[in-house]
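Student: Fold the stuff below for me.
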Amino acid sequence: MVLWQTPINYCIILLIVDLNLFGRFRMKTKCKTLKLSILISFVSLILFSTFFFMNKCNENIWYEYIYNISLGLFGSSFVVFLVSITEYKVAKTQLLEKIWNESRKLNIQLHKIKPINSYIDNDILINYINEWLFRQTEEDKLIFGDKHDAYDKLYNYLLIYHKESIKKIPKKEIKSYIDSLISSEREKILEKLEKVIDQYLNLNNYSFLEFNNLLGDVQFFTGKSEYLKLHQNIYEPLRNMYNDLKECVCYHFELYRNDEANRPDVLLSILFENQNKLFRTEKKKDKNDEWDIIYADFCDNIDDKIEKFRAKTIYKCEEEKITHHPIESTFYNKSKK
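Tutor: Take a look at the predicted model:
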């Protein structure tokens, strides 16, 4: 009788099992412990109440035995329930903070990538660089032919684009002026390409192993809705973007860095095709001037979702408004020589 009415024994046993068998600060474990303690408390309370009143109506040693056992289970499971509430909240906050930091770290790496932008049409520029690569020496011209179709097309493009500034130039100087523009833009683009290649290859230093491990331990007491929001709004977009860029861009850039490929025109083509996944360009122009204003649209969008996750899911507070600025603005004056 005395032993049966000491629920503290059961409490100690359950607490030891909870802390040592399942681990101390794992969100999924604490969530399961919390749910299990609620279930045991509810069932043991019903059993205790039922057999208590049955014993009152008809005294029976077995009724007394069962309601004492039920009382012990209820007391111990209820104490575990009270302890588990705090532990679950602590484990939840710690885990979600790690996910918040990991998602920010991965997004920051994408933020480090810069776009390559030119006022020259992408196809015209790529075709010209391709042609230029195969006209470096007289031997190249003999092997591949002394073609200059792409150069002519680019030349005519710049004649039209800079028609206002060309009006101020003597006719005999026009060709050398256009050639200087072509040479300057080619060197600028190829120089920037070398830097951007390293920025993309830096993504290979980061993996989603840690994010996967953290996400695997997430379990909300309230159900799957918060988990699905986290997965769909932050994890999936980041993972898919990393996978796309590594497969479609980094693979080719790595071949180039390892001297297994030597076609910057092909790399430019790949880059122009894929960088729109990260960036959005707004074009503005008037009679003589043009502006290209570039935003890191993908990263800005993820930043907003990460902030919403921090405010609404982790800390239950107001979101901090994030102001997104252009990462690059380029001004072109067509009339200035």
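Student: pLDDT below threshold where in this protein?
Tutor: Scanning the chain for pLDDT under 70 picks out 1-25, 63, 67, 136-146, 287-288, 333-337.
Student: Walk me through the domains of it.
Tutor: As recorded under automatic domain parsing, the domains making up the chain are 7-92, 122-333.
Student: Just say which of these is most tucked in.
Tutor: domain 7-92 (a mean of 17; mean count of other CB atoms under 10 Å). C-betas here are computed from N, CA, C, even on glycine.
Student: how far does that domain sit from the chain's center?
Tutor: 42 Å (CA atoms, centre = their mean, to the nearest Å).
Student: Next: stretch 156-174.
Tutor: Its chain's C-alpha centre and that of stretch 156-174 lie 46 Å apart, by CA atoms, centre = their mean.
Student: Any chance of CSV for the domains of the chain, columns distance to I116?
Tutor: Formatted as CSV, the domains of the chain follow (distance: least, CB to CB, whole Å):
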stretch, distance to I116
domain 7-92, 43
domain 122-333, 5
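Student: Quick one: the strands in the stretch 101-250 of the chain, in order.
Tutor: Using DSSP state E, counting those that start in this stretch, the stretch 101-250 of the chain contains no strands.
Student: which residue ranges form the helices in it?
Tutor: With DSSP state H, counting those that start in this stretch as the criterion, the stretch 101-250 of the chain has helices at 122-133, 138-144, 149-161, 163-166, 171-201, 209-216, 225-230, 236-245.
Student: K163 and E185, how far apart?
Tutor: For K163, the distance to E185 (CB to CB, to the nearest Å) stands at 17 Å.
Student: related to what we said a few turns ago, F53 is nearest to which of the helices of the stretch 101-250 of the chain?
Tutor: helix 225-230 (40.5 Å; CB to CB).
Student: before we move on, the earlier item: for S37, find the nearest of the helices of the stretch 101-250 of the chain.
Tutor: For S37, the closest of those is helix 225-230, at 21.3 Å, according to CB to CB.
Student: what residues does the closest one touch?
Tutor: Applying CB atoms under 8 Å, 6 or more residues apart in numbering, the external contacts of helix 225-230 come out as I99, L215, V218, Q219, F220, F309, T313.
Student: so what's I113 up against?
Tutor: By CB under 8 Å, 6+ apart, the contact list for I113 reads V196, Q199, Y200, L278.
Student: Could you point out which of those is nearest to L71?
Tutor: Among those, L278 lies closest to L71 (CB to CB), at 62.8 Å.
Student: In terms of helices and strands, where is the closest residue in space to the closest one that isn't next to it in sequence?
Tutor: Spatial nearest neighbour of L278, chain neighbours left out: F298 (4.8 Å); criterion: CB to CB, 6 or more residues apart in numbering. According to DSSP states H and E, F298 maps onto helix 297-308.
Student: Show me what the next helix or strand after that helix is packed up against.
Tutor: Sequence-wise, the next helix or strand downstream of helix 297-308 (DSSP H and E) is strand 328-333. In terms of contacts (3 or more CB pairs under 8 Å, 6 or more residues apart in numbering; DSSP states H and E), strand 328-333 is packed against strand 289-295.
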